[in-house]
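A.B. asks: The sequence and its predicted three-dimensional model are supplied below.
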Amino acid sequence: MFCHPTALLAALACSIGVYSAVLRSQDYSSLAGMSTRGRIAYERGIKLVGSQPPPPPPTDTGYKLVFDAAHPHRMRRPGDQRGELLAKTSYLPRSGVATPAQIITATVDGFNMDYRVASLVTYGAHLVNGNHLTNLLSIGGFSKLSGPPPDLPAHAGGLSVHGTFEGDASLTRSDDYLGNNHDLNATLFEQVIACEHDGRIWRRNYNVTAAAEFRWIRIQDSIARNPTFDFGNPRFSTAYAESSFPLGFFSNLSEPDFLTGTSASNMRSFFLEEKYPENFHRRGTPFGGGSVIADLQKAHPIPVDFLEGETSTICALYHKFVNRTTDLYPDPSGALRIALNGNLGNFYQAVGSGCTQLFPYS
């Protein structure tokens, strides 16, 4: 998935074992092997925050200047988590390590993302990729600033862990199996900007037609070249959200015209420079993908076979994340168990009341 502002919004794991092994090379050691007494001493020795309530819904959801004097563009510093635009402009802490509440507030303030969608994506990511004791989540890879990693198989590896929100068939990044899935692939990006592939040309702008075609092209390419291609739950949902966000967030218009689309210059500013275009205003109404995602899916329908008895993709996604959380934290106790229960509750609150709530640690 995009590693720019949209990485937070798209808005989970066969690579976790390999990734976790890399994490253990950091200065912090795992909690694995600690005795109960040692674990209690550890919890007393860190800044134990635990789960916190989500931020309140925004009161201002209108069209407004967001690249302003209070949010100047600053280059990434050594040690900061990749070049996240919202961190570069101080909507997020510059380190790229933030609380769920800070991430939700930043995506709403900086782009006018729908509050519920921002909450859903953030708490889903925090459940499987964040540190529940310190209440911190890295917007990139593992960071010491988020605290020591938990016991395996949990990892607190950050948003860039492959197979959660970022995954196969990204518009601008290679599949994990095919190479570098972390950094922007210039060839793929230029194809998106040109709105051209194999001699077929759509428009000079990235519009809904181009978005649908490139989403389909990337899926077909992954099917052809990646024997481990995974387009199940949640990647199915996040891939289409990923394709819709440049249409919804990057145009600098109060009401983006999806048929006209987003200009190549704006796309280059966001993806190559990781910077708001000059005089950039966020859209005038909250956006979460909605009808645009539906249009992208209708252009090239793909059978959905991952609902596992659920009647909606949102409920299937909710249960998938809860089950993945229990896989990562099979027998939590003490402060960790309390924090997990709190964050599971925050996640369900974002999902809504239409799904059966699960209580794995009751």
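C.D. replies: Arrived safely. Numbers count the residues shown, from 1 in each chain.

A.B. asks: When you work out contacts or count neighbours from here on, use the C-alpha atoms and nothing else.
C.D. replies: Noted.

A.B. asks: pLDDT of the helix or strand that Thr122 is a member of, averaged?
C.D. replies: Using DSSP states H and E, the element containing Thr122 is helix 115-129. Helix 115-129 comes out with an average pLDDT of 95.

A.B. asks: can I get the CA coordinates of that helix in PDB?
C.D. replies: Provided in PDB are the C-alpha atoms of helix 115-129 (Å, rounded to 0.1, in the frame of the first residue of the first chain):
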ATOM      1  CA  TYR A 115     -13.800  10.000  11.400                       C
ATOM      2  CA  ARG A 116     -15.200   6.500  11.600                       C
ATOM      3  CA  VAL A 117     -13.000   5.200   8.800                       C
ATOM      4  CA  ALA A 118      -9.900   6.800  10.400                       C
ATOM      5  CA  SER A 119     -10.800   5.200  13.700                       C
ATOM      6  CA  LEU A 120     -11.400   1.800  12.200                       C
ATOM      7  CA  VAL A 121      -8.100   1.700  10.300                       C
ATOM      8  CA  THR A 122      -6.100   3.100  13.200                       C
ATOM      9  CA  TYR A 123      -7.400   0.800  15.900                       C
ATOM     10  CA  GLY A 124      -7.200  -2.200  13.500                       C
ATOM     11  CA  ALA A 125      -3.600  -1.400  12.800                       C
ATOM     12  CA  HIS A 126      -2.800  -0.800  16.500                       C
ATOM     13  CA  LEU A 127      -4.300  -4.100  17.600                       C
ATOM     14  CA  VAL A 128      -1.800  -6.100  15.500                       C
ATOM     15  CA  ASN A 129       1.100  -3.700  14.900                       C
END
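
A.B. asks: Residues in contact with it: which ones?
C.D. replies: 8-12, 54, 57-58, 100, 103-104, 107-108, 132, 136-137, 154-159, 161, 164-165, 286, 288, 321, 324-325, 328, 340, 343-344, 346-347, 350-351 (Cα atoms under 8 Å, 6 or more residues apart in numbering).

A.B. asks: Recalculate using a threshold of 7 Å.
C.D. replies: If you take Cα atoms under 7 Å, 6 or more residues apart in numbering as the criterion, helix 115-129 is touched by 9-11, 57, 100, 104, 107-108, 137, 155-159, 288, 321, 325, 343, 346-347, 350-351.

A.B. asks: cool, stretch 347-362 as well?
C.D. replies: 116, 119-120, 123-124, 315, 341.

A.B. asks: got the buried residues for it?
C.D. replies: By 16 or more other Cα atoms under 10 Å, the buried positions in stretch 347-362 come out as 347-351, 355, 357.

A.B. asks: In helices only, show me the residues you listed.
C.D. replies: Counted as lying in helices by DSSP state H, out of those, are 347-351.

A.B. asks: Turn those residues into JSON lines, columns for pLDDT and distance to Glu190.
C.D. replies: What follows is those, written out as JSON lines (pLDDT from 0 to 100; distance: Cα to Cα, whole Å):
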{"residue": "Phe347", "pLDDT": "98", "distance to Glu190": "36"}
{"residue": "Tyr348", "pLDDT": "98", "distance to Glu190": "39"}
{"residue": "Gln349", "pLDDT": "97", "distance to Glu190": "39"}
{"residue": "Ala350", "pLDDT": "96", "distance to Glu190": "36"}
{"residue": "Val351", "pLDDT": "94", "distance to Glu190": "36"}
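
A.B. asks: Looking at those residues, which is nearest Asn180?
C.D. replies: Nearest to Asn180 among those is Phe347, at 30.5 Å by Cα to Cα.

A.B. asks: Next, Ile302: secondary structure please.
C.D. replies: Of the three states, Ile302 takes coil according to DSSP: H, G, I helix; E, B strand; the rest coil.

A.B. asks: So what touches stretch 89-106?
C.D. replies: So stretch 89-106 is contacted by 54-55, 71-74, 80-81, 86-88, 110, 118-119, 122-123, 135-139, 145-146 (Cα under 7 Å, 6+ apart).
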